[in-house]
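# quick one, what's the 3D model for this:
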Amino acid sequence: MAHIDAGKTTTTERILYYTGRIHKIGEVNNGSATMDWMEQEQERGITITSAATTCSWEVDQQQFELNIIDTPGHVDFTAEVERSLRVLDGAVMVLCAVAGVQPQSETVWQQAKRYNVPCIAFVNKMDRVGADYEKAVISIDDQLSANPVAVQIPIGAEEEFVGVIDLVSMQELRFKNEDFGAEYEIREITEELKPQALDWRRQMLDHLSLFDDNLLEKLIEEQDIDQNEINSVIRKATLSCQIIPVLCGSAFKNKGVQQLLDAVVHFLPSPLDIPSVQGDHPVTKKLVSRESSDSEALCALAFKVASDPFAGQLTFVRVYSGRFETGKSAFNPRKRKHERIGNLVKLHANKREEVTTINAGDIGAVIGMDLITGDTLCPKDQQIVLEKTQFPEPVIDQALEPKTKPDQEKLEEALKRLMQEDPSFRSRIDAETGQNIISGMGELHLEVMVDRLQREFRVDCKAGTPRVAYRETITQAAVSEMRFEQQLEGKEQFAFCKISLEPLKAGGGVEFENQLAADQLPEKFVEAIEQGIRDAMSNGVLAGFSIIDLKICLIAGEYLEESSTEIAFSIAGANVLREGVRRAEPALLEPSMKIEVVTPVAFTGDVIGDLNAHNGRIRGMEEQGGVQVVSAEAPLARMFGYSTRLRSLTQGRASYTMRFSHYTSVTESTRKALVGEPASLG
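You can find the predicted model right below:
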């Protein structure tokens, strides 16, 4: 995991080469990297979808099997990182030796923290001009508030980068340039490098002594410390997420990748090291746990759905316990029914290898099962539902129009499949215009989706201009009730419900709470009310935007045996929500973006002036290696076309990253424009 262009895919490509998984190294720049298999990835030179593979690595004459997922670095595809980290036991955070921690490095670090994923850091690109290992290590401490512990230091930097010093074994590793760097020489540390190595080793041991009393004792008594003991302390502290071991190298120049693989085996967890996986029983709601063992009851999580042009639906599965076997059946608590397990495969990017079983701790895929992201599979008599992955809300919309009538049906089917694949991508029909509106995480995200519709699904469609995905919310508490008495399909229908609404803090999402006992209102009617409320939330009362950040409590309800139906309660739920939102002082929100611009110092004034002119707020400035880094926040509506503006301001020499920060209240003039009120004159 890493910021865009830090070298994740290049590092993965080298790992596959050294483990014997591939026999020729491909490059991202010319579109031949194994893990970037989509046409869109090869053309743009970026990772769009997370690709999985399996390989073997030998350490101390013992063979280890590694499941690897190469994730995207671009902020528009952050949902791919989210669901990958949800199922992985450990992560390698790749950092650029020149830039250190970058904006997206912070995002992926927060995601790893959310799922308690132990990390090691690999400071890549040590051969680049401006590479500074020490600065990169300090940036992990300063910007991530993590606890970096350098276990290697580089020998030289930039074009003089020739090897690393292992601070655990206190040896030099010098890389040979021939044979893709597969050969390296291990030797004693030279006299000139010894003082520096001893200083870094002392810092490492001081750090580690905080997590182990025996080590502290030996340090105080100045005893010799065995390297196995140091490795075991590093492992223990890494597994408990208390430190991040830091290594360095240059993946592009084939330097340091084998040592990184050794570190993965030494310091990151195997499935046996992680705590028992925990979930809820879908009926009793009690906490259930499963050990990582083949002999335990099955517990598997579907974490990604992909469309395969030949095999149909391909679902990526992480097996936490038990055995996932072809031809057997598993219970799906969401659907409340058994499903037959289809053909199983181990993945290598877009290539597949058929297997009959996926064991506990493994990642694989199943073909042909009708699953969605977040489904848990288990036995019916030992049910468990694992926590679902939380995906960010889309911030940008775009209208889509099929060119012909047959294309309309193809478009609907293709959009349905894309939404199954990517939970951060949404599609809906605009109630007023009848257009298909697609929503995503950014301009690039939507551009890739439209490209896939045209190429993969062969849908001839025309895309409109991207526009901001505004949202609606409430600003105060309110109570609302609704009585529904009407004839539908020749039958009397009755439903009554009463709800209370209260606003949640930004990013709080939508919470629904039922405060009624089963004898006051049957479960099926409560579910119908919730469904009606959730359906109504996609169409707000001010300007038709989705409603977010509120809590709904069902506080009263009535039903009649002979005339109450689920349809009646669903309609009542939709109406009671709209009425409640009108009473709760609704407000409009717009996405505010975090922006980081890296520009030559000479253009700093122009960049800041332009950001200020577009309602940007400057949050900070810092000079790094001859360039100025400007941090700012600005409304997304004012940032369309920013890449063109920035290029013309800086003669094409500046770059920027932009990511969603939070929703904030719109200005009065924007509110009036969206609601359709006339703007005040003067």
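
# touching, F496 and E481? I think so.
Yes. Contact criterion CB atoms under 8 Å: F496 and E481 qualify, at 7.3 Å. Every C-beta, even on glycine, is put in place using the N, C-alpha and C of the backbone.

# any common contacting residues for these two?
Shared contacts of F496 and E481 (CB atoms under 8 Å, 6 or more residues apart in numbering): A556.

# settle it for me: which of these two has more neighbours?
F496 (20 against 15; other CB atoms under 10 Å).

# contacting residues around the more buried one?
481-484, 556-559, 572.

# list the beta-bridge partners for it.
Under the criterion DSSP bridges, F496 forms beta bridges with R483, E558.

# again with the one 4 residues further on
With DSSP bridges as the criterion, S500 is bridged to V479, C553.

# start at 148, not 1
Will do, 148 is the new start, and the previous item becomes S647.

# give me the neighbour count for it.
Neighbours around S647, by other CB under 10 Å: 18.

# which ones are touching it?
624-626, 699-700, 702, 727.

# how close does it get to A675?
19 Å (CB to CB, to the nearest Å).

# how about V315?
Taking CB to CB, one finds V315 at 61 Å from A675.

# of the two, who's got more company?
More neighbours surround A675 than the other of V315 and A675, with 23 against 20 (other CB under 10 Å).

# let me see the mean pLDDT of the strand ranked longest in the chain.
Looking across the chain with DSSP state E, the single longest strand is strand 733-747. Strand 733-747 carries an average pLDDT of 92.

# likewise for stretch 598-618?
Stretch 598-618 comes out at a mean pLDDT of 89.

# mind listing what's buried along it?
598-600, 603-604, 606, 608, 610, 613, 615-618 (16 or more other CB atoms under 10 Å).

# can you point out the buried residues in the longest strand of the chain?
Buried, per 16+ other CB under 10 Å, within strand 733-747: 733-746.

# between those, which is nearest L533?
P738 (30.0 Å; CB to CB).

# OK, contacts around that closest one?
542-543, 615-616, 782-783, 807-810.

# partner residues bridging it?
Under the criterion used (DSSP bridges), P738 bridges to Y810.

# and it, how far from M805?
11 Å.

# kindly report the same for M182.
25 Å.

# between those two, who's got more neighbours?
With neighbours defined as other CB under 10 Å, M182 and M805 compare such that M182 has more, 27 against 21.

# show me what contacts that one?
Contact analysis of M182 by CB under 8 Å, 6+ apart lists 156, 159-160, 194, 198, 200, 217, 496.

# what do you get for S454?
Counting by CB under 8 Å, 6+ apart, the residues that S454 touches are 460-461, 564-565, 567-568, 603.

# one step back: adding distance to D288 and secondary structure, write the buried residues of stretch 598-618 out as a markdown table.
Listed next are these as a markdown table, based on distance: CB to CB, whole Å; DSSP: H, G, I helix; E, B strand; the rest coil:
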| residue | distance to D288 | secondary structure |
| --- | --- | --- |
| D598 | 40 | helix |
| R599 | 40 | helix |
| L600 | 45 | helix |
| E603 | 44 | coil |
| F604 | 47 | coil |
| V606 | 49 | coil |
| C608 | 49 | strand |
| A610 | 44 | strand |
| P613 | 38 | coil |
| V615 | 37 | strand |
| A616 | 36 | coil |
| Y617 | 39 | coil |
| R618 | 36 | strand |
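
# which stretch of helix or strand covers the spatially most central residue of the chain?
Centroid-nearest residue in the chain, with CA atoms, centre = their mean: E229, separated by 2.2 Å. Here E229 sits within helix 225-234, counting by DSSP states H and E.

# kindly export that helix (C-alpha atoms) in CSV.
Output in CSV follows, covering the C-alpha atoms of helix 225-234 (Å, rounded to 0.1, in the frame of the first residue of the first chain):
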residue,chain,number,x,y,z
THR,A,225,-9.3,4.0,-2.2
ALA,A,226,-12.2,1.5,-1.8
GLU,A,227,-9.9,-1.2,-3.3
VAL,A,228,-7.4,-0.5,-0.5
GLU,A,229,-10.1,-0.5,2.1
ARG,A,230,-11.4,-4.0,1.3
SER,A,231,-7.9,-5.4,0.8
LEU,A,232,-6.8,-4.3,4.2
ARG,A,233,-10.0,-5.7,5.7
VAL,A,234,-8.8,-9.2,4.8
